[in-house]
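1. take a look and give me a structure for this.
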Amino acid sequence: GNKMAELNGSFTKRGQTRWSLLKIVIIFALSALFMCIIFLSFPELNEEDKLLMKLPRDIEDAKDLGRLLSKYRESHYFTVLTAFFATYIFLQTFAIPGSIFLSILSGFLFHFVLALFLVCLCSAIGASFCYLLSALLGQVIVAKYFSTRVAAWKKQVENHRSDLMNYIVFLRITPFFTKLVHQHSLSCYRSTTATLLYRNIHW
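-> Numbers count the residues shown, from 1 in each chain. Predicted coordinates:
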């Protein structure tokens, strides 16, 4: 009886893990498809410009992309604005490196007040989506494949329970902590989305 219960529990956990993985893959695929639709709405680019239309990986890529988008900003302002908004949230949601260069790029493309508003808003929305993905789907996957690290993260967060906001800021500015670890640590702690939004908007 106990062995049968353990087997059933094992199969249930495997099913939950696979289903969570499938959901994340579907969400990522739909998000990527949405990004493709946005970029297909761009005006026809020549071959030279097509080479520059990519996610910036360094400051030089950001400069090249900024010069490219500035050419189309006047005639296709809302297309450029929508593409920037969606790309920033996409990168933040799936913890893909590159959003820091978009932050720099925003100051080049838009007025200071608008650029500041966009970066704060996109950062808050993207980080909240990342947190929700981790809380709703990621915990099953991470608990299965990274259970030891999860236990360590939970302990660290619990140790800083009295000064959680300061600890969140520390995680935010420390380079060797990835955004994904940051958000998952908070989801393990059951931090509220409101707290996460407050931190992102004020940081």
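
2. which secondary element of this protein has the worst mean pLDDT?
-> helix 193-202 (a mean of 48; mean pLDDT, DSSP states H and E).

3. what segments of the protein are helices?
-> For the chain, the helices defined by DSSP state H cover 2-40, 47-52, 59-73, 77-93, 99-109, 112-133, 139-145, 147-159, 164-173, 179-189, 193-202.

4. which stretch in those has the least confidence?
-> Ranked by mean pLDDT, the helices of the chain bottom out at helix 193-202, with a mean of 48.

5. got the phi/psi numbers for residue 160?
-> With angles defined as degrees, to the nearest 10, residue 160 sits at phi -110, psi 30.

6. residue 95 now?
-> When read as degrees, to the nearest 10, the backbone of residue 95 gives phi 50, psi 40.

7. okay, now it: neighbour count?
-> Using other C-beta atoms under 10 Å, residue 95 has 19 other residues around it. The C-beta positions use only the backbone N, C-alpha and C, and glycine is treated the same way.

8. quick one: it and residue 129 touch, right?
-> No - contact criterion C-beta atoms under 8 Å: residue 95 and residue 129 do not qualify, at 10.3 Å.

9. show the end-to-end separation of stretch 104-121, please.
-> From its first residue to its last, stretch 104-121 covers 15 Å (C-alpha to C-alpha, to the nearest Å).

10. now do the buried residues in that stretch.
-> For stretch 104-121, a neighbour-count test (16 or more other C-beta atoms under 10 Å) marks 105, 106, 109, 110, 115, 118, 119 as buried.

11. kindly report the same for stretch 69-86.
-> Buried-residue list, stretch 69-86, by 16+ other C-beta under 10 Å: 69, 72, 73, 76, 79, 80, 81, 83, 84, 85, 86.

12. return the residues in contact with the first one.
-> The contact partners of residue 69, by C-beta atoms under 8 Å, 6 or more residues apart in numbering, come to 80, 84, 105, 109.

13. want to throw the residues you listed into JSON lines with distance to residue 49?
-> Formatted as JSON lines, these follow (distance: C-beta to C-beta, whole Å):
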{"residue": "80", "distance to residue 49": "13"}
{"residue": "84", "distance to residue 49": "17"}
{"residue": "105", "distance to residue 49": "16"}
{"residue": "109", "distance to residue 49": "16"}
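
14. nearest to residue 46, of those?
-> Using C-beta to C-beta, residue 80 comes nearest to residue 46 of the contacts of residue 69, at 17.1 Å.

15. was I right to think the closest one contacts residue 73?
-> Yes - using C-beta under 8 Å, residue 80 is in contact with residue 73, at 5.2 Å.

16. shared neighbours, these two?
-> Residues touching both residue 80 and residue 73 (C-beta under 8 Å, 6+ apart) are residue 109.

17. out of the contacts of residue 69, the closest to residue 32 would be?
-> In terms of C-beta to C-beta, no member of these lies closer to residue 32 than residue 84, at 16.9 Å.

18. and residue 87, what does it touch?
-> Residue 87 touches 35, 55, 102, counting by C-beta under 8 Å, 6+ apart.

19. would you mind measuring from it to residue 118?
-> In this view, residue 87 and residue 118 are 11 Å apart by C-beta to C-beta, to the nearest Å.
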